[in-house]
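K.L.:
Output the structure for:
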Amino acid sequence: MEDKQSTYPGQPSDEITQLVVHKHIMSISPVLFGMFLVILAVLGLVVFYNGNQYVFEQFANAGQISIIGFLMICFIFLLVLGTIWIWRRNKIIITTNHIVDIDQIGLFNKTVSTLHLDEIQDISAKINGPIQTMMKFGTIIIQTAGERENFVFDYVPSPLELENFILDARKKVMKSGKKSD
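P.N.:
Numbers count the residues shown, from 1 in each chain. Next up, the predicted model:
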């Protein structure tokens with residue numbers, strides 16, 4: 001679980017952020033693994049180049065090859081930074097009245113979905129398989145009142161604890177009598 005410092009776009013000033021949950025690191029592990037393989041391939045090319053410079057000198061001189069290698073490393077570094085930036089902006093914010101799902105999709109696309117706590121009909125947490133069990137992440141599914149689609153949060157750390165937290169927050173809203181706008 002995370003800090004309480006975040007707010008969501010349009011959050012009323014009287015609404016207090018209770019919990020911010022970021023996606024589990026496993027949500028970006030395939031991308032990071034792919035980048036790791038590319039780095040290994042680049043390192044393999046460097047070793048191959050050092051042993052066979054005469055082959056490459058037919059196509060480009062050492063300075064050009066160094067520039068290409070440097071650009072490849074910079075590109076990989078930017079991909080890693082971009083992946084981490086996107087990952088950190090995917091979060092669930094639970095306030096005194098709402099659950100807000102912020103999905104950063106790529107560098108320039110963001111979706112913000114808001115659900116008032118009194119609209120929750122049912123909530124379930126799923127942990128599937130040995131990896132999710134060992135790494136302690138899973139999926140939260142919130143069924144809502146009316147014709148609204150279910151809210152599905154995947155790669156949630158400690159989904160059983162989050163389910164209980166949301167249920168407790170919902171109980172507080174229902175006791176206070178605050179209804180959705």
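
K.L.:
Pull the contacting residues for the nearest residue to residue 39 once chain neighbours are set aside.
P.N.:
Once flanking residues are discounted, residue 39 sits nearest to residue 76: 6.1 Å by C-beta to C-beta, 6 or more residues apart in numbering. Heads up, the C-betas are built off the backbone N, CA and C, glycines and all. Going by C-beta atoms under 8 Å, 6 or more residues apart in numbering, residue 76 touches 35, 38, 39, 42.

K.L.:
For the protein, which segments are assigned as helices?
P.N.:
29-51, 53-56, 62-89, 129-135, 159-176 (DSSP state H).

K.L.:
Least confident of the ones you listed, on average?
P.N.:
Per-stretch mean pLDDT for the helices of the chain is lowest at helix 53-56 (a mean of 70).

K.L.:
And that one, what's buried?
P.N.:
By 16 or more other C-beta atoms under 10 Å, helix 53-56 has no buried positions at all.

K.L.:
C-alpha coordinates for it, CSV please?
P.N.:
Extracted in CSV, the C-alpha atoms of helix 53-56 (Å, rounded to 0.1, in the frame of the first residue of the first chain):
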residue,chain,number,x,y,z
GLN,A,53,36.5,-5.7,-36.2
TYR,A,54,37.7,-6.4,-39.8
VAL,A,55,34.2,-7.7,-40.7
PHE,A,56,32.5,-4.5,-39.6
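
K.L.:
what sits against residue 111?
P.N.:
101, 102, 103, 105.

K.L.:
do the same with residue 122
P.N.:
By C-beta under 8 Å, 6+ apart, residue 122 lies in contact with 142, 143.

K.L.:
ok, what's across the strand from it?
P.N.:
For residue 122, the beta-bridge partners are residue 143 (DSSP bridges).

K.L.:
buried set for stretch 81-99?
P.N.:
Under 16+ other C-beta under 10 Å, the buried positions of stretch 81-99 are 86, 87, 90, 91, 92, 93, 94, 95, 96, 97, 98, 99.

K.L.:
Give me the distance between the residue nearest to residue 39 and residue 86.
P.N.:
16 Å (C-beta to C-beta, to the nearest Å).

K.L.:
go on, residue 19?
P.N.:
Applying C-beta to C-beta to residue 19 and residue 86 gives a distance of 21 Å.
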